[in-house]
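K.L.:
how would this look folded up:
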Amino acid sequence: MAQPSATNRLPRWLAATAALLLAVVLASCSAAAAGLNSYQSPDGRYAFLYPTGWTRVQVTGGPQVVFHDLINSDETLSLVISQVDADDDLSQLGSAVAVGEKLRRSAIAPEGSGRDATLVEAREREENGHTFYDLEYSVHLADRDRHELATVVVDRGRLYTLAASTNEVRWPKVKGLFDQVIRSFNLLI
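P.N.:
Reported below is the predicted structural model:
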């Protein structure tokens, strides 16, 4: 029986190394989205990730989509879709800070709500040809403090606002997860 030559062994070694490298890359990619499920709108316009173990709840007269954690029921993810002028883009509504402040005053802590909110950070990012504003809030209620991340984007006369919220005690544990969820919001058409 003939022994394989060095040139015949190299392709097997190279193939084994490539297979190992591919396995490592695939494992790291799936770990990045571990603990997340995907949601896509019935009309195919948008999609986002939400944490595993969260359930969708139906609300009347509120956000289009709401998820909440089954264990920590005060952790929520909601999507509100508002109409804007069809010709508007996000920059026409203002800078990230200006839009963040408008959202704070109108939705997160409107006058008379008993809530006080501070815009902690406002960032702008470009993704797939769309401008997003990523916003972070600290919210004070009479009985507890909360933290909220949101992202806003305008497309075809619609302002999409995806927000994830939790109590301040859990915030350090879920900050990275919430950031991943918020940044996963994607317009598909």
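K.L.:
Assign a three-state SS to the residue nearest to residue 170 when sequence neighbours are not counted, would you?
P.N.:
Leaving aside its sequence neighbours, residue 170 sits nearest to residue 72 (Cβ to Cβ, 6 or more residues apart in numbering; 6.3 Å). For every residue, glycine as well, the C-beta is placed using N, CA and C. Three-state call for residue 72 (DSSP: H, G, I helix; E, B strand; the rest coil): coil.
K.L.:
so what's residue 72 up against?
P.N.:
When contacts are counted by Cβ atoms under 8 Å, 6 or more residues apart in numbering, residue 72 touches 166, 167, 170.
K.L.:
Save the residues you listed as CSV, and put in secondary structure too.
P.N.:
Output for the contacts of residue 72, formatted as CSV (three-state DSSP):
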residue, secondary structure
166, strand
167, strand
170, coil
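K.L.:
Which one (most neighbours) among these?
P.N.:
Within those, most neighbours by other Cβ atoms under 10 Å means residue 166, with 22 neighbours.
K.L.:
Any idea what it is bridged to?
P.N.:
Beta-bridge partners for residue 166, by DSSP bridges, are residue 147.
K.L.:
What pLDDT is listed against it?
P.N.:
We have a pLDDT of 97 for residue 166.
K.L.:
check contacts around it.
P.N.:
Contact partners of residue 166, counting by Cβ under 8 Å, 6+ apart, are 72, 74, 75, 146, 147, 148, 174, 178.
K.L.:
Swap in 10 Å and give it another go.
P.N.:
For residue 166, the contacting residues are 69, 72, 74-77, 146-149, 173-175, 177-178, by Cβ atoms under 10 Å, 6 or more residues apart in numbering.
K.L.:
Quick check: residue 49 is in a strand.
P.N.:
Yes. Counting by three-state DSSP, residue 49 is found in a strand.
K.L.:
quick one: pLDDT of it?
P.N.:
For residue 49, the pLDDT comes out at 98.
K.L.:
what's the answer for the one 3 residues further on, then?
P.N.:
On pLDDT, residue 52 comes in at 95.
K.L.:
picking up where we left off before, and which of the contacts of residue 166 is nearest residue 104?
P.N.:
Nearest to residue 104 out of those is residue 148 (Cβ to Cβ; 9.7 Å).
K.L.:
Now for the closest one, how many residues are close by?
P.N.:
Using other Cβ under 10 Å, residue 148 has 22 other residues around it.
K.L.:
That one reaches residue 139, doesn't it?
P.N.:
Yes. Taking contacts as Cβ atoms under 10 Å, residue 148 lies within contact range of residue 139: 6.0 Å.
K.L.:
Before I go, just wanted to say thanks for your time.
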